[in-house]
Each structure stands twice: as C-alpha cells, then as structure tokens.
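> quick one, fold the following:
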Amino acid sequence: LAAFQAEDIRGLLAWSLVREAVQPADMPASLRDAVATADRVYFGGAFKTTREDILKVLASSAKPTLALDSWRSGAVPALETISMIAFVAMDELADTAASTVAHAESALMFYAAVLVVALGIAGLSLVVVLRRITGPISGLTSTMQARAGGDLTVAIPGTTRVDEVGAMAKAVLIFKEEMT
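Below you'll find the model as predicted:
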C-alpha cells in the first residue's frame, strides 16, 4: 500500500510539472487543451474520487467493493486522456517540422536565386574585364613585342580610347614615333 501511495505522489508531482510546462504562451493551444482535459478527467472529477476511495479502502486493508470491470471502464478512458497528450504533442511537432521545412525550402530558393544572380554578375564582370581591359592590354603587349622584334610597321591599337588603356596605347605610339 505504501508503494501505491508513493507512486501516486510521484505521479501527482510529475503531473504538476507537465501542467507547468504547458503554461508558457508559446505552447500550442491544442497541447494546453489536452493537458487541461487530462487534468479534468484523470486528476479531477469522478475518476479522482474513485481513485482516492480505492486507496482509502486499500489503506484500511479492506477488500475493494468496486469490481475490476467497473474500475477499467473508468480508468481506461481517463488514462487515454493522458496518452492523448503525447499524440497531440507529436502532431504539433510534426506541424512545426513541416513549417520549418517549408521555411528552409523558401530560404534555400531565395539564396539559390541570389547565388545565380551573383554568378551572373560575376560572369558579366569577367566578360567586361576580358574585353575592356585584358584583351586590349594583350594587344598592346603583342604590338610592343613586335616593335621590339624590329617590326616598325605594326599599328598601335587603342590610341583613340579615353581610358587608361588608351593612355597606355598613346604612350606606346610615342615610343613608336620616337624610334622612327
């Protein structure tokens, strides 16, 4: 009997922790409702009275008058309200997981689009650098190598440009004119 009473006290303590755990405002309402239902059905009302009466009878060493089938017909539905808490919690977790997945997929699509745009900008920048800077400088390098090799007839490309490459081409043109 003492073991039953000790288990009952541990169960009540554990239940008080469960009730406390669902109090924060960010807990799903369905979970709070499931706990409230179990609290009302198992830990309160007629089933609580029945449980307490049986414990009193057992404490007095008398034989319980409640038939086993009668006990089961009250205990099983009451216990089901407690097990429903786990099902509700699992449903809420599944919903939260699905929401998290949807959010992660949206974020993935957004960042993938940003990556594609960034790669496009990088590719376009590469083309601009190759055409506007690297290509003309390579042309000037080839011209200067030809001049150094003795070809005095080679044309200097880019002398009409108004940027740094044009300034370099004009400097190479000055060298060409000085050498002829």
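
> just the helices from this protein, written as ranges.
Remark: helices assigned in the chain by DSSP state H are 2-21, 29-41, 45-59, 68-129, 135-148, 164-179.

> need the ones you listed in TSV with mean neighbour count, mean pLDDT and distance to A155, can you?
C-beta coordinates here come from the backbone N, C-alpha and C atoms, glycine included. Listed next are the helices of the chain as TSV, based on neighbours: other CB atoms under 10 Å; pLDDT from 0 to 100; distance: least, CB to CB, whole Å:
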stretch	mean neighbour count	mean pLDDT	distance to A155
helix 2-21	11	88	85
helix 29-41	17	96	82
helix 45-59	14	86	103
helix 68-129	12	96	24
helix 135-148	15	91	8
helix 164-179	14	88	9
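
> so A46 sits against G74, correct?
Yes - A46 lies in contact with G74 (CB atoms under 8 Å); the separation is 7.2 Å.

> if we can go back for a sec, of the helices of the chain, which is nearest I156?
Among those, the nearest to I156 by CB to CB is helix 164-179 (4.6 Å).

> tell me the spacing between L130 and G120.
L130 is 16 Å from G120, where distance means CB to CB, to the nearest Å.

> scratch that, Q5
74 Å.

> same check, this time on A46
Taking CB to CB as the measure, A46 falls 71 Å from G120.

> could you do T160 as well?
Counting by CB to CB - T160 and G120 are separated by 31 Å.

> now L17
Following CB to CB, the distance that separates L17 from G120 is 56 Å.

> report the separation between the residue nearest to M84 when sequence neighbours are not counted and W71.
Spatial nearest neighbour of M84, chain neighbours left out: A34 (5.3 Å); criterion: CB to CB, 6 or more residues apart in numbering. To W71, A34 is 24 Å away according to CB to CB.
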